[in-house]
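K.L.:
Okay, sequence plus prediction incoming.
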Amino acid sequence: MQSQKKLPKAFSFEFYPPKTAEGKEKLRAAWKQLGQLKPKYFSCTYGAGGSTREGTLETVLEIRAAGFEAAPHISCVASSRTDLKAQIERYRGQGIRHIVALRGDLPSGLASLGELRYANELVAFIREITGDWFKIEVACYPEFHPETRSAADEIRHFKRKVDAGANAAITQYFYNTDAYFRFVDECEAAGIAIPIVPGIMPIGNFAQLARFSDACGAEIPRWLRLRLEGFRDDTASIRSYGLDVVTRLCDDLLTAGAPGLHFYTLNQAGLTSTIWQRLGL
Ligand code: FAD
């Protein structure tokens, strides 16, 4: 954690592009509320094969028009080089200078992997087309990506993205601080010197969290799972207990020198802003 401790703290909030007019209104209310916390930036996810191309850009442009920094995500799965280039050029044409570059996951029913196989190839492609125009964030996985075969591979593949030109990384969410600290130490030992910002998933709905975690390989520790399961349909208790757990997680991470926090808000301001207030940020 040595090099991470020296970095200024960066806080960011992630959204997904809403599909309905009502969803847009709710998101607008959420980013306006969270904007009062003066994050470093907001980011907006991107669907495989460019399925949310317009919604991602529209969300980012709306937030930027209000004077905030906002970074669109882009993923290369199920996309051609031509389509990716067009989207990257569109981002640049709008004056966007910050991007989150991912491989993405292939939704069932989609057959084509795309022309770029892994996120390191996407990072290299963005650099090839646009040089140093963008600040590029990538994803990394303290508890290991579900497809990764070994811990050593995880670090090796992450390093490929850094060597290709990534400037910073955001982790998959986790509830074991040791997983993050050990991962950061291993990255530093491997010569990775970029900020590794913990991704934070507030807990508001246990069934949804369990579904996400099964899919992305983030562990819900047994002590936490059993507690949350024990609350059954008592949403207020799940939220209250989740707030205690996640606030302490954030506090421990910041105290030990994490360079910031990236909140997966799921387009809701409530839990994230309560955690923020409790942290006294
Ligand atoms: P990669 O870095 O390419 O890694 C994917 C897998 O391949 C890993 O197991 C890795 O170890 C392995 N690998 C990498 N390089 C090689 C290689 N050269 N040879 C062999 N194996 C290799 N998904 C979306 O669809 N849209 C989003 O907007 C989005 N935003 C995200 C934001 C964050 C912060 C995070 C953590 C995830 C996000 N995801 C998003 C999910 C992400 O797309 C998935 O986790 C995806 O499965 C992996 O993406 P990646 O960019 O980490 O891929």
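P.N.:
Okay, I see it.
K.L.:
residues from the stretch 1-150 of the chain in reach of the ligand?
P.N.:
Taking CB under 6 Å from any ligand atom as the criterion, the neighbours of the ligand within the stretch 1-150 of the chain are 45-46, 48, 73, 75, 100, 102-105, 118-120, 139, 145, 147-148. C-beta coordinates here come from the backbone N, C-alpha and C atoms, glycine included.
K.L.:
Could you list which of those belong to strands?
P.N.:
Helix and strand membership here follows DSSP state E; of these, those in strands are His73, Ser75, Val100, Leu102, Ala139.
K.L.:
any chance of those in TSV, with pLDDT and neighbour count too?
P.N.:
Formatted as TSV, these follow (pLDDT from 0 to 100; neighbours: other CB atoms under 10 Å):
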residue	pLDDT	neighbour count
His73	98	22
Ser75	97	26
Val100	98	27
Leu102	98	22
Ala139	98	20
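K.L.:
For Arg28, which residues are in contact?
P.N.:
Under the criterion of CB atoms under 8 Å, 6 or more residues apart in numbering, the neighbours of Arg28 are Glu62.
K.L.:
where along the stretch 101-250 of the chain do the helices fall?
P.N.:
For the stretch 101-250 of the chain, the helices defined by DSSP state H, counting those that start in this stretch occupy 119-130, 151-164, 177-189, 206-216, 222-230, 235-255.
K.L.:
Outside of the shortest one itself, list whatever touches it.
P.N.:
The contact list for helix 222-230 (CB under 8 Å, 6+ apart) reads Tyr175, Ile203, Phe206, Leu209, Ala210, Ile220, Ile238, Tyr241, Gly242, Val245.
K.L.:
6 Å instead?
P.N.:
Applying CB atoms under 6 Å, 6 or more residues apart in numbering, the contact partners of helix 222-230 are Tyr175, Phe206, Ile238.
K.L.:
What are the buried residues along that helix?
P.N.:
Neighbour-count burial for helix 222-230 flags Leu224, Arg225, Arg227, Leu228 (criterion: 16 or more other CB atoms under 10 Å).
K.L.:
ok, now stretch 158-170?
P.N.:
Under the neighbour-count criterion of 16+ other CB under 10 Å, stretch 158-170 has Phe158, Lys159, Arg160, Lys161, Val162, Ala164, Gly165, Ala166, Asn167, Ala168, Ala169, Ile170 buried.
K.L.:
Please list which of those residues also come close to the ligand.
P.N.:
Arg160, Lys161, Ile170.
K.L.:
Quick check: chain neighbours aside, which residue is closest to the last one?
P.N.:
Right, the one you point to is Ile170. Distance criterion CB to CB, 6 or more residues apart in numbering; nearest residue to Ile170, sequence neighbours excluded, is His262 at 4.6 Å.
K.L.:
now do Ala210
P.N.:
The shortest distance from Ala210 to any residue that is not its chain neighbour, by CB to CB, 6+ apart, is 6.7 Å, and that residue is Ile220.
K.L.:
now Arg81
P.N.:
For Arg81, the nearest residue in space outside its immediate sequence neighbours is Glu115; the separation is 4.9 Å by CB to CB, 6+ apart.
K.L.:
Okay, now the unreliable bits of the stretch 1-150 of the chain?
P.N.:
Within the stretch 1-150 of the chain, the set of residues satisfying pLDDT under 70 comprises 109-111.
K.L.:
at 80 instead, please
P.N.:
Flagging of the stretch 1-150 of the chain using pLDDT under 80 yields the residue ranges 1-3, 5-8, 107-112.
K.L.:
mind listing the strands in it by residue range?
P.N.:
Counting by DSSP state E, counting those that start in this stretch, the stretch 1-150 of the chain has these strands, from start to end: 10-15, 41-44, 70-75, 98-102, 135-140.
K.L.:
TSV please, covering those strands and showing distance to Ile196.
P.N.:
As requested, the strands of the stretch 1-150 of the chain are exported to TSV (distance: least, CB to CB, whole Å):
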stretch	distance to Ile196
strand 10-15	11
strand 41-44	16
strand 70-75	17
strand 98-102	14
strand 135-140	6
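K.L.:
and stretch 233-242, what's its mean pLDDT?
P.N.:
Model confidence over stretch 233-242, given as mean pLDDT, is 97.
K.L.:
Would you check that Tyr264 makes contact with Ile203?
P.N.:
No. The criterion here is CB atoms under 6 Å, and Tyr264 misses it with Ile203 at 10.9 Å.
K.L.:
Before I go, just wanted to say thanks for your time.
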